[in-house]
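Q: one predicted model, sequence on top.
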Amino acid sequence: MSVELSSSPACQTQKPTLINGEVQCALTGKPINPHEAYWAPPLVTARQLIGTMATTLLQNPGNLGHILFDEQPNVPYAPEVREELGARRTAEQLKLLVLLLFIAAVILAPIVLLAI
């Protein structure tokens, strides 16, 4: 089950899917008991974040603040995937950091070369 960001604040109040008193793990899709689930914000990939930001900037720039700063609802994860979730979050943060550093280098390189 993947969670996508939405430019509409109303779409961000998703409830977990209950199946016979169980919820599905947001990472594996495996049914788990809600009391045993590890509840955390959804995993947002760098691609999802950049795509949502680009779409929002083009279609509704006023919602960009909501997309970036509103708290996301927690989704259930199986307790055994907690470490994998942490590793994937770290990898996505690293991808975004590398992209931002690349953009900064592209912007700053001509300025530094002209100053020399």
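A: It's in.

Q: C-alpha only now, for contacts and for neighbours.
A: Noted.

Q: and the next element down the chain from the lowest-mean-pLDDT helix or strand in the chain?
A: Within the chain, confidence by mean pLDDT, DSSP states H and E is lowest for strand 18-19 among all helices and strands, at a mean of 56. Downstream of strand 18-19, the first helix or strand assigned by DSSP states H and E is strand 22-24.

Q: name the strands paired with that following strand and say parallel or antiparallel.
A: For strand 22-24, the pairing partners within the sheet under DSSP bridges are strand 18-19 (antiparallel), strand 31-32 (antiparallel).

Q: off-centre distance for the last one?
A: Averaging C-alpha positions (Cα atoms, centre = their mean, to the nearest Å) puts strand 31-32 22 Å from its chain's average.

Q: for it, the averaged confidence score.
A: When pLDDT is averaged over strand 31-32, the result is 94.

Q: from the rest of the structure, what touches that strand?
A: The set of residues external to strand 31-32 that reach it, using Cα atoms under 8 Å, 6 or more residues apart in numbering, is 19, 22, 23, 24, 25, 78.

Q: among these, the buried ones, what's the PyMOL command?
A: To isolate the buried members of those in PyMOL, using 16 or more other Cα atoms under 10 Å:
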select buried, resi 22+23+24+25+78
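
Q: which strands and helices sit next to the strand or helix carrying residue 113?
A: If you go by DSSP H and E, residue 113 is part of helix 82-115. Secondary structure elements in contact with helix 82-115, counted by 3 or more Cα pairs under 8 Å, 6 or more residues apart in numbering; DSSP states H and E, are helix 46-59.

Q: quick one, the helix it packs on and helix 82-115 angle?
A: Between the axis of helix 46-59 and that of helix 82-115 there is an angle of 60 degrees, by axes from the mean of the first three to the mean of the last three Cα atoms, to 10 degrees.

Q: please consider this matter closed, and thank you.
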